[in-house]
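Engineer: Provide a 3D model corresponding to the input given below.
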Amino acid sequence: MIVAVLGAGQRGRDIAQRCARAGHEVRLRGTDATAVMDRIDEIERTLGTADGLDRVDGTTGLESAVNGAEVVVDAADRDTDGHRELVAEAETMVAEDTLLAVCEPTVSVTAVATGLRAPDRAVGLHLVDPPDGTVVEVVIAEQTTGRTRDRATAFVESLDATPVVVRDTPGFAAMRLELAAIAEAIRMVEEGVASVRDVDRAFERESAAERGAAGRLRGPLARADRLGLETVLSGLTDLSERLDARFEPPELLRRKVEAGQLGASTGEGFYVWEDGEPTTGADPDPEVPTRDDGPGVR
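Structural biologist: You can find the predicted model right below:
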């Protein structure tokens, strides 16, 4: 199967890598040739030629990317209007049965589909825990038909992933759950309920019990650092505006982003990061006082 991935950012790289590993022929398209080659180099370092790197081609041309593709995935970094224009332009260059997918959790797939001549073939795809997560959300727009849904779920299964069908609502399902857990964890640190590491340990204990030690998950604060605190702030802001105050970003999160403490990428967020791993909790990291201790911050 030929899969065209539009967008040479991290999201595009993750999708291209997943498709190549599954044996699909991938065309990665970006507007900057250097960025495209950088993403292909990253895929090579991860997969190696033995796992099908020769199936990934890079291009800056839209038509050369989508020509003959059975699936087109829009993973570009754009707003709703930008996605609508890109997908509509791609539609004029593909066959009538080509699946058109939008991979942007902050954009309404329904709104993007309004720009298509055949909006019934539009669907959303959202990789949960990319690039190696085993769950992909299949987002059903108001225009999506049952045939499109079935083709999209079959495509996800071809990636050796589990499709989870969700309605086109702000944040879909996985992101809403993720950001809600992160926001509450940050508030617990902000209110001095527990330290950064202990908040995460409480979450990890539950996950280990449910999934076994081999399936142990990182806690919400470590995951926030890996996502990038600026990304978390942007996601919470978007959901608070489109849903309600449940997703209002905590003030502690705003302060860390303003201070440039963005997580793993900068070496400090809620943790201090060394060699790609979280070590100690970064300041402020509250210590729960005993009777003979005064309230304080470590």
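Engineer: residue boundaries of the strands in the chain?
Structural biologist: With DSSP state E applied, the chain shows strands at 2-6, 25-29, 56-59, 71-74, 99-102, 122-128, 135-140, 162-167, 271-274, 277-281, 286-287, 296-297, listed in chain order.
Engineer: any chance of these in TSV, with mean pLDDT and mean neighbour count too?
Structural biologist: (Glycine included, C-beta is placed from N, CA and C.) As requested, the strands of the chain are arranged in TSV below (pLDDT from 0 to 100; neighbours: other C-beta atoms under 10 Å):
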stretch	mean pLDDT	mean neighbour count
strand 2-6	98	27
strand 25-29	96	25
strand 56-59	94	19
strand 71-74	98	26
strand 99-102	98	26
strand 122-128	94	25
strand 135-140	94	23
strand 162-167	94	16
strand 271-274	93	18
strand 277-281	85	15
strand 286-287	75	18
strand 296-297	48	9
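Engineer: compile the ones you listed into a markdown table and extend it with columns for distance to L86.
Structural biologist: Formatted as a markdown table, the entries for the strands of the chain read as follows, by distance: least, C-beta to C-beta, whole Å:
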| stretch | distance to L86 |
| --- | --- |
| strand 2-6 | 6 |
| strand 25-29 | 10 |
| strand 56-59 | 15 |
| strand 71-74 | 6 |
| strand 99-102 | 9 |
| strand 122-128 | 12 |
| strand 135-140 | 17 |
| strand 162-167 | 23 |
| strand 271-274 | 35 |
| strand 277-281 | 37 |
| strand 286-287 | 46 |
| strand 296-297 | 48 |
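Engineer: and the gap between A180 and R246?
Structural biologist: Summarising the geometry, the distance separating A180 from R246, computed by C-beta to C-beta, to the nearest Å, is 7 Å.
Engineer: before we move on, the earlier item: so which of the strands of the chain is nearest E184?
Structural biologist: Comparing the strands of the chain by their distance to E184 (C-beta to C-beta), the top pick is strand 286-287, with 15.5 Å.
Engineer: centre of the chain versus the closest one, how much separation?
Structural biologist: How far strand 286-287 lies from its chain's middle: 31 Å, per C-alpha atoms, centre = their mean, to the nearest Å.
Engineer: equivalent analysis for stretch 277-296, please.
Structural biologist: 31 Å.
Engineer: may I have the residues that are in contact with S265?
Structural biologist: Applying C-beta atoms under 8 Å, 6 or more residues apart in numbering, one finds that S265 lies in contact with G228.
Engineer: one step back: who has more neighbours out of A180 and R246?
Structural biologist: In terms of neighbours (other C-beta atoms under 10 Å), A180 is the more surrounded of A180 and R246; the figures are 16 against 13.
Engineer: any idea of the pLDDT on the more buried one?
Structural biologist: pLDDT recorded at A180 is 93.
Engineer: that one touches E248, doesn't it?
Structural biologist: No. The pair formed by A180 and E248 falls short of the contact definition of C-beta atoms under 8 Å, at 11.4 Å.
Engineer: mind listing the helices for the stretch 101-250 of the chain?
Structural biologist: Across the stretch 101-250 of the chain, reading from the start of the chain, the helices by DSSP state H, counting those that start in this stretch fall at 109-113, 146-158, 174-190, 196-211, 220-227, 229-242.
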